[in-house]
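**Student:** Could you work out the structure for the sequence below:
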Amino acid sequence: MNPPSDSPESSFADLGIRPELLATLTALGYEEPTPIQSAAIPMLIEGKDLLGQAATGTGKTASFALPILEKLTGGDRGKAPTSLVLVPTRELAIQVSQAFHEYGREVGTRLVAIYGGAPARQQIDALRRGVDVVVATPGRALDLCSRGSLVLDSIRTLVLDEADEMLEMGFIEDIESIIALTPKSRQTVLFSATMPKRIDKLAERHLRDPQRISIKSREPSADEIPRVRQIAYVVTRQNKAAALGRLLDAEDPTAAIVFCRTRGGVDDLTDILTARGYQAEALHGGLTQDQRTRVLGRLRSGATELLVATDVAARGLDIDVLSHVVNFDLPMSPESYVHRIGRVGRAGREGVALSLVEPRERRMLASIEKLVGGRIRVEQVPTITDVRQVRQQRTRDAVMTLIDEPDAQARMDANREIVDEMLISSDPYSLALAAFTLAHEELQGSAVDEAEHDLSAKMAPASTSGSKTSSKGNSKFSSKTGSKSSTTSSTKKREAPAGPMTRIFIALGRKAGVTPGDLVGAITGEAGLKGRDIGSISVHEMFSIAEVPSEKARKVIKSLQHTKIRGRKVNARFERD
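**Tutor:** Okay, the predicted model is just below:
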């Protein structure tokens, strides 16, 4: 049996799920099942063995978690686990156990996650108290079985998730040993992104007349993948809201959609953004059509600048004023990512897609990169200093544009008399500083008062399990995404020069096509320095920072004011703290 991947849309209620679970899914904001869920859930509820091929992010976890929860009965369920889910890494064990906890809150699920790198005593104590579902890495599971703490005699459902990765990591013997400890009458479910011969052989040995499902990712055409600037920021969940605020301040979008996975997440984030002074509104399936229409109307008119939405907003939405898409939560599938970022960069317009990636979401980011056919640059969240300087630069640009604009002379002449009067009694520099401050606060708001601290996190290693690791996978990922070497900017490292150094601010960045090499060339060519005299150079989106010898800093700044980089005039000054 091979259900098609493009089966008709259905609802979770159509899949035979009990009311308590449906209520939980609705509260979490899940509106319709993915193809793998539509195909797998009815089969697993019937008790059939299943061999499924599906990539990361297609919704596999819910496709086996919901049938397991569906079969949990009320009352005393005993202490021995009835379901075992084997996964290759501790990160995936945590992720899957969190999903079980969310889905099963209304049915009183007793759950324990078992993996290496955590105290075994706590896991053993949880098993002694009694559990329904165990999510485990093979190494730690086998260890606790040998101690007699994990007893598998009552297992009714065994799930092997990411089976190809477990085999690649050398867990085949552990898996075989664990399977031998479970009853032969169990239901066995095997999911794998690929189907090498070893997976087929494993399935032949341990699955009984399995149903086969293959949900393959549809490769989008070149026209379907929008040409937008795509950047990822690795951030822990607790720092996401603060990181989002900094990115919005630094990017200053004309209008943006911020995507969350669930309705609850949308409502919570909308409240947070509104409390911080942003014009944000929610859009999700819990709103009526009239409410959605009014929200979109306010976004188009400029009355709202941020739309916080579930993926319901990614379908067929075309708003000319949109400049940015932000993935506050990564989507459940790479295909959904393509739909999301397709809201910007339409009809030849420039667009920006920013993603806040949790450290454990390495695999999803890699799957997205594979689908879009390119590397997504990983950068650090802007610092408060970065944000402040970008905002000051925007005010400067607005002032200089007014000065250079031919039609603006008449507007300025209307104020000439009062300015002449003020110049008689005030210092010109103080007057200009006060005027700039008022203009800056009017254009950019009040100063950023958030405490300065680094919000970026490190990406989780490619493979971490109870007893085995795979440095090969980690190396491959780091090479692809640049997660080991990426900083807030494109940074050119060189041997540190001798003597004190001073940082100078240059009001040109990546958006102007500037590279570290351009800046080295300009500084050495105009100020007479040699390349070895220059310290670190970092190129940010809207500006750059260069370290030069303190005794030469004024000369460098003065020299750069009379040159052009990439055809653009250079504005340079000392960096302000």
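**Student:** For the rest of this, base every contact and every neighbour count on C-alpha atoms.
**Tutor:** Noted.
**Student:** tell me the domain ranges of the protein?
**Tutor:** The chain breaks down into these domains under automatic domain parsing: 12-215, 229-381, 385-444, 489-574.
**Student:** Show me the one of those that comes nearest Leu455.
**Tutor:** Closest to Leu455 of these is domain 229-381 (C-alpha to C-alpha; 6.2 Å).
**Student:** how close does the residue in the chain sticking out farthest from the centre get to Leu354?
**Tutor:** What lies farthest from the middle of the chain is Ile424; by C-alpha atoms, centre = their mean that is 55.4 Å. With distances taken as C-alpha to C-alpha, to the nearest Å, Ile424 is found 50 Å from Leu354.
**Student:** what stretches of the stretch 401-550 of the chain score poorly on pLDDT?
**Tutor:** The stretch 401-550 of the chain contains residues with pLDDT under 70 at 440-454, 456-498.
**Student:** in it, which spans are helices?
**Tutor:** Taking DSSP state H, counting those that start in this stretch, the helices of the stretch 401-550 of the chain run over residues 409-413, 416-425, 428-444, 471-481, 516-527.
**Student:** Now do the same contact list for Val96.
**Tutor:** 61, 135 (C-alpha atoms under 8 Å, 6 or more residues apart in numbering).
**Student:** where's it, which helix or strand?
**Tutor:** helix 90-103 (DSSP states H and E).
**Student:** State the mean pLDDT of that helix.
**Tutor:** Averaged across helix 90-103, the pLDDT comes to 84.
**Student:** how far is it from where the chain is centred?
**Tutor:** Per C-alpha atoms, centre = their mean, to the nearest Å, the displacement of helix 90-103 from the mean C-alpha position of its chain is 18 Å.
**Student:** after that helix comes which helix or strand?
**Tutor:** By DSSP H and E, the next helix or strand past helix 90-103 is strand 111-114.
**Student:** same question for the helix or strand just after that following strand, mean pLDDT?
**Tutor:** Downstream of strand 111-114, the next assigned helix or strand under DSSP H and E is helix 120-129. The average pLDDT for helix 120-129 rounds to 92.
**Student:** Mind listing what's buried along helix 120-129?
**Tutor:** Within helix 120-129, the residues that qualify as buried are 123-124, 126-127, counting by 16 or more other C-alpha atoms under 10 Å.
**Student:** now the residue farthest from the centre of the chain: how far from Glu417?
**Tutor:** According to C-alpha to C-alpha, Ile424 stands 11 Å off from Glu417.
**Student:** Please apply the same query to Ser149.
**Tutor:** For Ser149, the distance to Glu417 - C-alpha to C-alpha - is 88 Å.
**Student:** cool, and Glu91?
**Tutor:** 68 Å.
**Student:** Repeat that for Arg140.
**Tutor:** 81 Å.
**Student:** so what's the nearest residue to Leu529 once chain neighbours are set aside up against?
**Tutor:** Leaving aside its sequence neighbours, Leu529 sits nearest to Ile523 (C-alpha to C-alpha, 6 or more residues apart in numbering; 6.7 Å). When contacts are counted by C-alpha under 8 Å, 6+ apart, Ile523 is found next to 529, 556, 559-560.
**Student:** Let me have those in a markdown table, extended by secondary structure and neighbour count.
**Tutor:** Output for those, formatted as a markdown table (DSSP: H, G, I helix; E, B strand; the rest coil; neighbours: other C-alpha atoms under 10 Å):
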| residue | secondary structure | neighbour count |
| --- | --- | --- |
| Leu529 | coil | 18 |
| Val556 | helix | 23 |
| Ser559 | helix | 18 |
| Leu560 | helix | 23 |
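**Student:** Between the residues you listed, which sits nearest Leu307?
**Tutor:** Among the contacts of Ile523, and counting by C-alpha to C-alpha, the member closest to Leu307 is Leu560, at 41.1 Å.
**Student:** these two touch, right, that closest one and Val570?
**Tutor:** Yes. Using C-alpha atoms under 8 Å, Leu560 makes contact with Val570 at a distance of 6.1 Å.
**Student:** ok, back up a step: save the domains of the chain as JSON lines, and put in distance to Leu455 too.
**Tutor:** Formatted as JSON lines, the domains of the chain follow (distance: least, C-alpha to C-alpha, whole Å):
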{"stretch": "domain 12-215", "distance to Leu455": "21"}
{"stretch": "domain 229-381", "distance to Leu455": "6"}
{"stretch": "domain 385-444", "distance to Leu455": "13"}
{"stretch": "domain 489-574", "distance to Leu455": "15"}
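**Student:** Which helix or strand contains Val201?
**Tutor:** For residue 201 the amino acid is Lys, not Val. Per DSSP H and E: helix 197-206 holds Lys201.
**Student:** buried ones in that helix?
**Tutor:** 199, 202-203, 206.
**Student:** picking up where we left off before, neighbour count: Arg140 and Glu417, which is higher?
**Tutor:** Neighbours were counted for Arg140 and for Glu417 using other C-alpha atoms under 10 Å; Arg140 has more, 22 against 10.
**Student:** so how far is Gly117 from that one?
**Tutor:** 9 Å.
**Student:** Regarding the spatially closest residue to Val112 that is not a sequence neighbour, what are the backbone dihedral angles?
**Tutor:** Of all residues not flanking Val112 in the chain, Val134 sits nearest, at 5.2 Å (C-alpha to C-alpha, 6+ apart). Torsion angles at Val134 (phi, psi; degrees, to the nearest 10) stand at phi -120, psi 130.
**Student:** now Val134, which residues is it bridged with?
**Tutor:** Counting by DSSP bridges, Val134 is bridged to Leu84, Val112.
**Student:** can you tell me how far Glu32 sits from Gly59?
**Tutor:** 11 Å.
**Student:** one step back: redo the buried residues of helix 120-129 as a markdown table? Include distance to Val321.
**Tutor:** What follows is the buried residues of helix 120-129, written out as a markdown table (distance: C-alpha to C-alpha, whole Å):
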| residue | distance to Val321 |
| --- | --- |
| Gln123 | 52 |
| Ile124 | 56 |
| Ala126 | 53 |
| Leu127 | 55 |
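**Student:** Please name the residues that touch the residue nearest to Val112.
**Tutor:** 81, 83-85, 111-114 are the contacts of Val134 under C-alpha under 8 Å, 6+ apart.
**Student:** Export these as a markdown table, with columns for distance to Asp249.
**Tutor:** Below are the contacts of Val134 laid out as a markdown table (distance: C-alpha to C-alpha, whole Å):
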| residue | distance to Asp249 |
| --- | --- |
| Pro81 | 50 |
| Ser83 | 47 |
| Leu84 | 46 |
| Val85 | 43 |
| Leu111 | 41 |
| Val112 | 41 |
| Ala113 | 39 |
| Ile114 | 41 |
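**Student:** most neighbours, which of these?
**Tutor:** Neighbour counts for the contacts of Val134 (other C-alpha under 10 Å) peak at Ile114, which has 31 neighbours.
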